[in-house]
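K.L.:
got a sequence here, can you model it:
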Amino acid sequence: MSFLFPSSTITFEAAMRDLGSGSPKARAMAAHALGNLTDPVERRRAVDALVRALDDDRLEVRAEACSSLGELGEPGAVLHLIKRLDDGIAVVRQNAAIALGTLGHPDGFAPLAEALKAGPPDLRFQAATSLAEIDRARAFDLLVAALADPDPQVIGAAALSLGATGDARAIDHLRPHLDGKDASARFDVAYALAELKDPAGRPVLAAALTELERAWDAVDALGWLGTRDDAEALGRVLSDRKMPHEAQVSAAGNVLRIDPEGAFHDAARRKLIEALGSRKEYVRSLAVEQLGAVAGAWAKAPLEKLARSGKGADLLEAIATALRAIDQRGAS
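P.N.:
Okay, the predicted model is just below:
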């Protein structure tokens, strides 16, 4: 997680200078910027400077240094990041755990396993994710044990990591937690089950389709299950104004992919065509993408109309790609 949005024009030498002697804001900005290097020589120099910055007296500098060391992918930083797991500031120890997961080095596994068992809740939460990134198979039993954690956020993180393992053994461990007290944890469990192609959490996912923070993920998860029941759940909310617009567009695409001739195919088509005229470019872009993936000849005229309009000026390449995909499906 980043505190700042550093200038994209800062030079390597300026960042190195600022990291060593700048103001707290400049040091944090420099630490962030050094995570985006590509030159091998600069990267080696940056790693040494960032390792020193892990002992900075400002939390934002330490946090940014952790993140950048993860992005640079230098295994030599692992032992230094492990020490930051005991930082007294939550965001610093979280960023250290994230960086260890990003690096994926096996030396980070045991300290993260200990953090999952005995660390503060914020660190247990992140350790569950990072352990699975380092070694999914080795993390499996630890993640199952973490489902009994008293903190619902840790339960959710462990569930999501189990879903990401792709290990079907997790299903029987996850299902009992669909009845948990915390709504967020229940959703994470349902999402993980869907990733494992288990439909037990479908009611939880369907209920979340109109929730601002969860709708997009709920659409994805029902799409993974991919049955007519899932297409029906998605189709029922296409006209619900409580459902975020972009999630409706994704839902419409999933409806047509799963059950193209089902009860909601007309509603799904209308939603995608309607979205081509949205005032928000990212919604138009998503509609173009979905039409390219699932539409037939019925979508060509609306796409061509968008290409001729001002709203399509920045989407011409995406529109052309979608039209080619439609033509190829028609030819086959």
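K.L.:
let's see the pLDDT reported for residue 6.
P.N.:
Predicted confidence (pLDDT) for residue 6: 45.
K.L.:
could you pull out the helices in the stretch 101-250 of the chain for me?
P.N.:
Using DSSP state H, counting those that start in this stretch, the helices of the stretch 101-250 of the chain run over residues 109-118, 121-134, 136-146, 152-165, 170-174, 183-195, 202-207, 215-225, 228-236, 245-258.
K.L.:
between the second one and helix 152-165, how many degrees?
P.N.:
Right, the one you point to is helix 121-134. Angle, helix 121-134 to helix 152-165, by axes from the mean of the first three to the mean of the last three C-alpha atoms, to 10 degrees: 10 degrees.
K.L.:
residues near residue 10, how many?
P.N.:
Here the number of neighbours of residue 10 (other C-beta atoms under 10 Å) works out to 17. Quick note: C-beta positions are derived from backbone N, CA and C, even for glycine.
K.L.:
quick one: residues contacting it.
P.N.:
Residue 10 sits next to 18, 29-30, 33 when contact means C-beta atoms under 8 Å, 6 or more residues apart in numbering.
K.L.:
neighbour-wise, which of those residues leads?
P.N.:
Neighbour counts for those peak at residue 30, which has 30 neighbours (criterion: other C-beta under 10 Å).
K.L.:
other SSEs contacting the host helix or strand of that one?
P.N.:
Secondary structure assignment for residue 30, by DSSP states H and E: helix 24-33. In terms of contacts (3 or more C-beta pairs under 8 Å, 6 or more residues apart in numbering; DSSP states H and E), helix 24-33 is packed against helix 12-21, helix 40-53, helix 59-72.
K.L.:
how far off helix 40-53 does that helix point, in degrees?
P.N.:
Computed by the same axes, to 10 degrees, the angle between helix 24-33 and helix 40-53 is 140 degrees.
K.L.:
any idea how far helix 24-33 is from the middle of the chain?
P.N.:
25 Å (C-alpha atoms, centre = their mean, to the nearest Å).
K.L.:
so residue 10, which state does it fall into?
P.N.:
Recorded secondary structure, residue 10: coil (DSSP: H, G, I helix; E, B strand; the rest coil).
K.L.:
if I look at it, how far off is residue 127?
P.N.:
To residue 127, residue 10 is 32 Å away according to C-beta to C-beta, to the nearest Å.
K.L.:
can you check residue 30 too?
P.N.:
For residue 30, the distance to residue 127 - C-beta to C-beta - is 28 Å.
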